[in-house]
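Student: Structure, please.
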Amino acid sequence: MTYQGGCDAVTFGNGLIGVLYTAAGDLPCPTAILLHGIPGSEKNVDIAYRLRDLGWHALIVHFAGTWGSGGSYDITQQPADAIAALEFLLTADNAWQVDPQRIAIIGSSLGARAALVAAYRDPRVTKVVTLGGISDFDEVMLSDTFFTNASAFLHGVDGRAIKRQWAALGGADNPITLIGKLTQAILIVQGTDDDVIPLYNGEALHQASHNADFVRIEGADHIFTRHRTALVEAVTEWLLK
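Tutor: Numbers count the residues shown, from 1 in each chain. All right, here's what the predicted structure looks like:
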């Protein structure tokens, strides 16, 4: 079966919103779920479009309480949002079809934690990509000013509430603890000039894993502002391997 492809807003889960980029060509298609950071201004649309050109569907998820999705913002529930997106892709009664054997989750910044936790909880995920992810939430705390500024874009929280949520992200679901337990293929991408989540976070995750690939992008900042081409190539070439 073939499909013409497209780009559509979709709803799923408990009032969540996403943008689904569907590939043209033979079905079913491998599919990627893309998870943004906090507050999520960079959503990696360029990765989604490139994957679509390469025959993949790509769903950009807007977490609860962000960018039009319903509910209140809650970092601790973001892995559940990612799994809701996965469930939608696998069960939606639509013309496009998803290959259940080829599903990747790509998490950017804070979204990298949600990607890793979702993959650990749900073995239907076959590949995981982290972009500028944090390794150890027991050691990393951002400033009160950052949380306050981010809250202006998020629903149902203020800076103090986000800080409390952040403080709950360590423990059993801490990326540095969890990554070695994953059986899926993993790619870790980190910019060498990331001044928000420094390079050592990617290095620590790589060391804690048993099967991850690690790509350093020289000179890249936290959202790979001037290195988008290198980022898109690194992610898509790895996914296509």
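Student: got the buried residues for stretch 107-121?
Tutor: Buried positions in stretch 107-121, judged by neighbour count with 16 or more other CB atoms under 10 Å: 107-120. Heads up, the C-betas are built off the backbone N, CA and C, glycines and all.
Student: what's near enough to touch residue 223?
Tutor: 42, 108, 109, 132 (CB atoms under 8 Å, 6 or more residues apart in numbering).
Student: And residue 197, by the same measure?
Tutor: Going by CB under 8 Å, 6+ apart, residue 197 touches 109, 132, 133, 134, 140, 190, 222.
Student: pLDDT, secondary structure and distance to residue 236 added to the buried residues of stretch 107-121, as TSV?
Tutor: TSV is the format used below for the buried residues of stretch 107-121 (pLDDT from 0 to 100; DSSP: H, G, I helix; E, B strand; the rest coil; distance: CB to CB, whole Å):
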residue	pLDDT	secondary structure	distance to residue 236
107	98	strand	16
108	98	strand	15
109	98	coil	19
110	98	coil	22
111	98	helix	18
112	98	helix	17
113	98	helix	22
114	98	helix	21
115	98	helix	16
116	98	helix	20
117	98	helix	24
118	98	helix	21
119	98	helix	19
120	98	helix	24
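Student: for the chain, which spans come out with low pLDDT?
Tutor: For the chain, the stretches flagged by pLDDT under 70 are 1.
Student: Now do the strands in it.
Tutor: Taking DSSP state E as the criterion, the chain carries its strands at 2-3, 6-12, 16-22, 25-26, 29-35, 57-62, 98-108, 127-131, 185-191, 213-217.
Student: Make TSV from the ones you listed and add distance to residue 154 to it.
Tutor: Formatted as TSV, those follow (distance: least, CB to CB, whole Å):
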stretch	distance to residue 154
strand 2-3	35
strand 6-12	19
strand 16-22	14
strand 25-26	37
strand 29-35	15
strand 57-62	11
strand 98-108	16
strand 127-131	20
strand 185-191	25
strand 213-217	28
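Student: I'd like to know which of those lies nearest to residue 72.
Tutor: Nearest to residue 72, of all these, is strand 16-22, at 12.7 Å by CB to CB.
Student: What strands line up against that closest one, and which way round?
Tutor: Strands that pair with strand 16-22, judged by DSSP bridges, come out as strand 6-12 (antiparallel), strand 57-62 (antiparallel).
Student: Dump those to CSV, plus mean neighbour count.
Tutor: Formatted as CSV, the strands paired with strand 16-22 follow (neighbours: other CB atoms under 10 Å):
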stretch, mean neighbour count
strand 6-12, 14
strand 57-62, 26
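Student: Please produce CSV containing the ones you listed, extended by distance to residue 233.
Tutor: Below are the strands paired with strand 16-22 laid out as CSV (distance: least, CB to CB, whole Å):
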stretch, distance to residue 233
strand 6-12, 22
strand 57-62, 16
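Student: Just grab the bridge partners of the residue nearest the centre of the chain for me.
Tutor: The centroid of the chain falls nearest to residue 107 when counting by CA atoms, centre = their mean (1.9 Å). Listed by DSSP bridges, the beta-bridge partners for residue 107 are residue 35, residue 130.
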